[in-house]
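Engineer: 3D, please:
(2 chains)
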Number of protein chains: 2
Amino acid sequence: MKILNARALELFRKAGALVDLETQMVRADESLITAALKTAPERFDLVSRNRSRPLPMGGNAINFGFVSGPPSVHCNVKGRRSGNMEDYQNLIRLAQHFNIIHMLGGQCCAPVELPANTRHLDVYEADLVLTDKSFLGSAIGRGRILDAVNMVAIAKGMSIEEMKKEPAFCAVINVNSPRLLDDPLTEGLIALAEHGQPVVVTPFTLMGAMTPVTLSAAMVQQNAEALLTIALTQLVNPGAPVIYGAFTSNVDMKSGAPAFGTPENARANIIAGQLARRYRLPYRSSNCNASNIVDAQATYESGMSLWSTVMAHTNIVLHGAGWLEGGLVASYEKVILDVEMMQNMAAFLEPYSADGENTVEAITAAPPGGHFFGTEHTMARYEKAFYEPLLSDWQNHGAWEASGSKTATERATLLWQKALEGYQQPPMDEAIREELSAYVARRKLEIGAGEP
Amino acid sequence: MKILNARALELFRKAGALVDLETQMVRADESLITAALKTAPERFDLVSRNRSRPLPMGGNAINFGFVSGPPSVHCNVKGRRSGNMEDYQNLIRLAQHFNIIHMLGGQCCAPVELPANTRHLDVYEADLVLTDKSFLGSAIGRGRILDAVNMVAIAKGMSIEEMKKEPAFCAVINVNSPRLLDDPLTEGLIALAEHGQPVVVTPFTLMGAMTPVTLSAAMVQQNAEALLTIALTQLVNPGAPVIYGAFTSNVDMKSGAPAFGTPENARANIIAGQLARRYRLPYRSSNCNASNIVDAQATYESGMSLWSTVMAHTNIVLHGAGWLEGGLVASYEKVILDVEMMQNMAAFLEPYSADGENTVEAITAAPPGGHFFGTEHTMARYEKAFYEPLLSDWQNHGAWEASGSKTATERATLLWQKALEGYQQPPMDEAIREELSAYVARRKLEIGAGEP
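Structural biologist: This next block holds a predicted model:
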């Protein structure tokens, strides 16, 4: 791999890798990777400012995240528009509102009206004030990560030394596949590892474009890129939390357009989960689709993504809710669709048992050809017997027509509006609130027109 | 179980079951069931008039069927209407056209303009002439099954004795849950087993209505009903092909409305698959949803169904394509949606291998940060590298808008129209064609206003 960062090259050289300083190419053998995998933790908890809801990273725990990174926003009321702070705040309010969304993403939409070099401060502040869930920091350079460390420390009432011992937020470090790690992201990775905050190492591997077209070659490349980058976190700080991330999907070979929720994407998600378990690392994957609108395509592509992430035992399903247009749009209606689909998966995965139940007695309580609506067994349990859907409409056709013949997407509009009305801002100590604002104001002055 | 059929009661009595002739209740112990499971075949092939495409029933083979039983039809061109022969024919033309649909259902919509007592003859004739795929016979009484046996024998150019040795079509025998097997279906079951045609035994077990509300009790009941009914096929004809069918889903406890593609439905599909494997029987499940329209709900509910049937290693996925409104409507657009989703699953399940490939050479053919669009490895493989979708639109937003901003459902309308244009009637010997027509004409006279 080519790594455009002097400190990383030096760390690899010291660890015994072959490093060509002129070409910036790094070649590591198996022993270097094996040593790194020994110090990387198999599991850890991600602890936001709400200490009562630690997110287990590792094992079979599945945590659903929120859409990350789109430049634009869409809802059926106002249509498609550029990302902005008002939509940013409303979207993270939805992420806070629904319990199935375990953590935010990074910038669920870009607030493009704000200066690019201090925008991260505004979104961190919104994330920390409007929600009490963990989030993804922006890892473009060291400064944005340090700001996240400092602001999360304020929100948690912790010192920086204490922060180093407790993972609180993650950031995604994408390999610029094939085989390139750029300087700003490497700086971000180093800052994260130094502060004990989890690096989500994710090669950006769209088959046919950034990897060869075959699944076998794509998985080999993804794995090699991931392992070398994961090793770097351990060279910076042995024991630093790190997550094996996968984003392998394919492109349309006729147009080069990225595709998601494809069979190839689903296979890659599952294979990468097997690799992460092999290396005893927590695993990150995504819930993606490439539809231009919240329709049946968005839903079946997301269904392929979601089932494969669940079958893969994905510890963080990034972009869990709200992703549309291959990641170019954050969609309000898609948030609701995804929440329903993720809630379905959660209900599907709930353990069940016949303990404390006399099943034969329950069955014989109704005569042959009868029904169970009024039996004692039913009456004692019917209220919580089944998952109650958020969005599904099971009325008969006549009743559905009488109530306006609304599609699921149209009903989703009503549901996100209702969720925003029902949103409750999580409490925050006033002194902490002020300290956060003061930090943001001070840093904006410091940064000025420069880079953070 | 209560069985409203004298011959079945006598068979059970002779086999050592406790039979109360007054209440028609049958109680069988484990040994009777175990003996029946010993003679039921673990796998067999279903051979339609196209002998080159036998469908393996058993093991890991997944066969997708077609919607069965709706009284109504819907398409976005003509709207919702009663079932009729013209739509029946067009729908089975679609089933013939798409290779991912391995077999028809029974009456994909009811041709309600035709007399109910001879309708089965018209649909069998259409099935056998317009397609060369296997289908589900109508098992309401012995006569309809015998007509299927006779007509399939004509189409295959076989004697009835030869038919008995080669499964050619199935029929579903529903237990009228809880614990009731009615007389016409028992007659149908007996006729099927006598002629070596597979009985798809399927308790009709909607949790909360036809079973207790708990999954544990529902599975116990489904299993008991299935096993006793399966045993009956072996008492009629030891070695007769039989399939363990499951249809356990739940109802909305507020309205009693049936729900499909729910988490409970998915869990039950998977548990029942485990039971079928335990008993070494082929397994039947379904692709269902309860949406009133071909929208995101129809798609995520079908996605839950479809993934769970695949995870369950379902040998026949009945209602694979076209089911809508909880089975009250056969939808043209839904056929296309389901075909796309089933093709996705098939591509997902394809084995892959790195044999004959130098993956490292393929990867290093592009420089760090480069791309693979023009590499030799890509050029040799790109045309068949990925599943090419039938329905998904991966254009960027501008191009998608320029091409009419069509939803997946709107595009599906164009695709079924195109499929009907591309439909090719499978060849049939003219003498056979005439013999079929003559059989139908003769039987219609025989049946008159009576029961077949």
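
Engineer: need the contact list for A:Val112.
Structural biologist: A:71, A:82-84 (C-beta atoms under 8 Å, 6 or more residues apart in numbering or on different chains). In this view, the C-beta of every residue, glycine as well, is placed from N, C-alpha and C.

Engineer: element containing it?
Structural biologist: A:Val112 belongs to no helix or strand when elements are defined using DSSP states H and E.

Engineer: and it, what pLDDT?
Structural biologist: At A:Val112, the pLDDT value in this model is 97.

Engineer: Out of the contacts of A:Val112, which comes closest to chain B?
Structural biologist: Proximity of those to chain B was ranked by C-beta to the nearest C-beta; the top entry is A:Pro71 with 11.4 Å.

Engineer: Regarding the closest residue to that closest one other than its chain neighbours, what is its secondary structure?
Structural biologist: In space, and not counting its chain neighbours, A:Pro71 is closest to A:Ala110: 5.0 Å by C-beta to C-beta, 6 or more residues apart in numbering or on different chains. Of the three states, A:Ala110 takes coil according to DSSP: H, G, I helix; E, B strand; the rest coil.

Engineer: and whichever strand or helix holds A:Lys164, what does it pack onto?
Structural biologist: Using DSSP H and E, A:Lys164 falls within helix A:160-165. Counting contacts by 3 or more C-beta pairs under 8 Å, 6 or more residues apart in numbering or on different chains; DSSP states H and E, helix A:160-165 packs against helix A:142-156.

Engineer: sorry, back to before: farthest-separated two in the contacts of A:Val112?
Structural biologist: Spanning the widest gap among these are A:Pro71 and A:Asn84, at 10.7 Å by C-beta to C-beta.

Engineer: What pLDDT does the model give A:Lys254?
Structural biologist: At A:Lys254, pLDDT is 89.

Engineer: hang on, I meant A:Gly16
Structural biologist: 97.

Engineer: do you know how far the nearest residue to it once chain neighbours are set aside is from B:Val77?
Structural biologist: Among residues not flanking A:Gly16 along the chain, A:Leu32 sits closest, at 5.9 Å (C-beta to C-beta, 6+ apart). Distance, A:Leu32 to B:Val77, by C-beta to C-beta, to the nearest Å: 64 Å.

Engineer: Can you classify the residue nearest the centre of chain A as helix, strand or coil?
Structural biologist: By C-alpha atoms, centre = their mean, the mean C-alpha position of chain A lies nearest to A:Leu318, the distance being 2.0 Å. Assigned with three-state DSSP, A:Leu318 falls in the strand class.

Engineer: just checking, A:Asn50 touches A:Ala168?
Structural biologist: No. Contact criterion C-beta atoms under 8 Å: A:Asn50 and A:Ala168 do not qualify, at 10.8 Å.

Engineer: Compare neighbour counts for these two and give me the winner.
Structural biologist: A:Ala168 (24 against 15; other C-beta atoms under 10 Å in any protein chain shown).

Engineer: ok, and the more buried one, which helix or strand is that part of?
Structural biologist: With DSSP H and E as criterion, A:Ala168 is part of no helix or strand.

Engineer: who touches it in this structure?
Structural biologist: Here A:Ala168 is in contact with A:46-49, A:134, A:152, A:156, A:197 (C-beta under 8 Å, 6+ apart).

Engineer: Swap in 6 Å and give it another go.
Structural biologist: A:47, A:152 (C-beta atoms under 6 Å, 6 or more residues apart in numbering or on different chains).

Engineer: distance of it from A:Asp132?
Structural biologist: 12 Å.

Engineer: Count the residues that sit near A:Ala330.
Structural biologist: 32.

Engineer: Would you report the backbone torsion angles of the residue nearest to A:Leu46 when sequence neighbours are not counted?
Structural biologist: In space, and not counting its chain neighbours, A:Leu46 is closest to A:Leu55: 4.2 Å by C-beta to C-beta, 6+ apart. Here is the backbone geometry of A:Leu55 (degrees, to the nearest 10): phi -100, psi 120.

Engineer: Check A:Leu55 and give its pLDDT.
Structural biologist: Looking at A:Leu55, the pLDDT reads 98.

Engineer: And for the one 3 residues further on?
Structural biologist: The predicted structure scores A:Gly58 at 97 on the pLDDT scale.

Engineer: Can you tell me which residues in the stretch 51-200 of chain A are near chain B?
Structural biologist: Neighbours of chain B within the stretch 51-200 of chain A, by C-beta under 6 Å from any C-beta of the partner chain: A:176, A:178-180.

Engineer: ok, A:Ile101 - contacts?
Structural biologist: Residues near A:Ile101 by C-beta under 6 Å, 6+ apart: A:64, A:66, A:95, A:321.

Engineer: Now do the phi/psi pair for it.
Structural biologist: Residue torsions, per degrees, to the nearest 10, at A:Ile101 are phi -90, psi 110.

Engineer: how much space between the residue nearest to A:Pro71 and A:Arg81?
Structural biologist: Taking C-beta to C-beta, one finds A:Ala110 at 12 Å from A:Arg81.

Engineer: cool, and A:His371?
Structural biologist: 52 Å.

Engineer: which of the two has more neighbours?
Structural biologist: Neighbour tally, A:His371 and A:Arg81, criterion other C-beta under 10 Å: the higher count belongs to A:His371, 18 against 14.

Engineer: For the residue lying closest to the more buried one once chain neighbours are set aside, I want the exact helix or strand it lies within.
Structural biologist: The spatially closest residue to A:His371, leaving aside those adjacent along the chain, is B:Ala209, at 5.4 Å (C-beta to C-beta, 6+ apart). Secondary structure from DSSP H and E places B:Ala209 outside every helix and strand.

Engineer: Around B:Ala209, how many other residues sit close by?
Structural biologist: By the criterion of other C-beta under 10 Å, B:Ala209 has 23 neighbours.

Engineer: again, but for A:Tyr244
Structural biologist: By other C-beta under 10 Å, the residues close to A:Tyr244 number 29.

Engineer: Angles on the backbone of the closest residue to A:Val213 other than its chain neighbours, please.
Structural biologist: What sits nearest to A:Val213 in space, not counting adjacent residues and going by C-beta to C-beta, 6+ apart, is B:Ala385, at 3.8 Å. Main-chain dihedrals, B:Ala385, degrees, to the nearest 10: phi -70, psi -40.

Engineer: A:Thr211 is in contact with B:Ala385, correct?
Structural biologist: No. With contact defined as C-beta atoms under 6 Å, B:Ala385 does not reach A:Thr211; the gap is 11.1 Å.

Engineer: In terms of neighbours, single out the busier of those two.
Structural biologist: A:Thr211 (32 against 19).
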